[in-house]
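Asker: I'd like to go over a predicted model; first the sequence, then the structure.
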Amino acid sequence: NILDESVFNKIAAGEVVEKPASVVKELLDNAIDAGATKITVNVLEGGIKNITITDNGSGIEPDDFVKVFVPHATSKIKTSEDLEKIGTLGFRGEALASIASVSKIELTSKTYGQTFASFCTVIGGKQSDISQVGADSGTTISVSDLFFNVPARAKFLRKPKSEQNDITNLVEKYILCNPQISFLYIADGKTILQSTGTNLFDAIYVVYGKQATDSIVKVDNYNKNSHIKVTGYIGLPTFSKANRTYQTLSINGRYINSPLVSACISNAYDHFLMKGQFPFYVLNIEIP
Ligand code: ADP
Ligand code: MG
């Protein structure tokens, strides 16, 4: 059997969309790739009912509206050589196709050159006609009823509170890894986080509060031979935690979870911390 596109997309969605937080991650990546400086994340019922993300980035051209939900459609790379110099968070063109196949989407987007915004819906992968609406430049994408057409997956969604916690943790990491972007994060009508988009110190204040900003030391280190730059903040030994939630690492601006780097930094703190305590850090490694 050659699988029908809709069946294939639902399977592919399993790789990209595990839970509401994975949808938020993909949509945030797209907003950041579009050069947004302001991003709003609005979720209802832990994102299960609705996730709406608005950005003031480049927007999507009307002609591209029919393409963005097609699997492997991306504006970010063209040839396999481009894989050697990826400068964006996304590049596989899989996220929107996958999310669209297992939810109900409304997409509104306007480029700076356009007078009107374009609008369409995609329900379970089926895209509507495109219409013109009034909207600011940038993109708003609204994802409702995740897994409405895949009951086997919907069954594994947890309580809204748990799904919301995952989203909150993710948004915190994105605020820390993108301090130049101002984020507003609202859950069930309540503002949970609002960052200023100024600098990393302010971002740390927003996420961890004054106790953290009183207890951190700036790191700014460039190694000429390796061309590796490490910047950010590390915590004083008095400001540690019994788990790794105080640790944030990005590589060239991309948030990652690295047990290796975590272990290296713990080693460096060895004589300064009690056993079972983990140091605070928010670091970005820039590497060619
Ligand atoms: P990828 O990010 O890997 O290219 P996606 O499926 O996430 O794939 O998105 C497909 C395409 O849709 C992107 O390459 C981009 O051109 C466009 N797009 C998606 N979201 C946005 C956005 N918020 N602003 C501008 N363009 C977007
Ligand atoms: Mg993407």
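Answerer: Yes, it's here. Ligands and ions are numbered 1, 2, ... in the order given.

Asker: now the helices for this structure?
Answerer: For the chain, the helices defined by DSSP state H cover 5-16, 20-33, 95-101, 151-154, 160-177, 200-208, 210-213, 259-268.

Asker: where's the longest one relative to the chain centroid, distance-wise?
Answerer: Right, the one you point to is helix 160-177. With Cα atoms, centre = their mean, to the nearest Å as the basis, helix 160-177 stands 9 Å off its chain's centre.

Asker: other SSEs contacting it?
Answerer: Judged by 3 or more Cβ pairs under 8 Å, 6 or more residues apart in numbering; DSSP states H and E, helix 160-177 is in contact with helix 20-33, strand 38-44, strand 182-187, strand 190-194, helix 200-208, strand 247-251, strand 254-256. In short, each C-beta sits where N, CA and C put it, glycine included.

Asker: possible to save the helices of the chain as TSV with mean neighbour count and mean pLDDT?
Answerer: Shown next, in TSV, are the helices of the chain (neighbours: other Cβ atoms under 10 Å; pLDDT from 0 to 100):
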stretch	mean neighbour count	mean pLDDT
helix 5-16	16	78
helix 20-33	23	98
helix 95-101	25	94
helix 151-154	12	90
helix 160-177	20	98
helix 200-208	19	98
helix 210-213	12	96
helix 259-268	12	95
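
Asker: can you add distance to ligand 1 and give those back as a markdown table?
Answerer: Putting the helices of the chain into a markdown table (distance: least, Cβ to the nearest ligand atom, whole Å) gives the following:
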| stretch | distance to ligand 1 |
| --- | --- |
| helix 5-16 | 9 |
| helix 20-33 | 3 |
| helix 95-101 | 3 |
| helix 151-154 | 19 |
| helix 160-177 | 14 |
| helix 200-208 | 21 |
| helix 210-213 | 31 |
| helix 259-268 | 25 |
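
Asker: nearest to residue 264, of the helices and strands packed on helix 160-177?
Answerer: Evaluated with Cβ to Cβ, the helices and strands packed on helix 160-177 place strand 247-251 nearest to residue 264, the distance being 10.6 Å.
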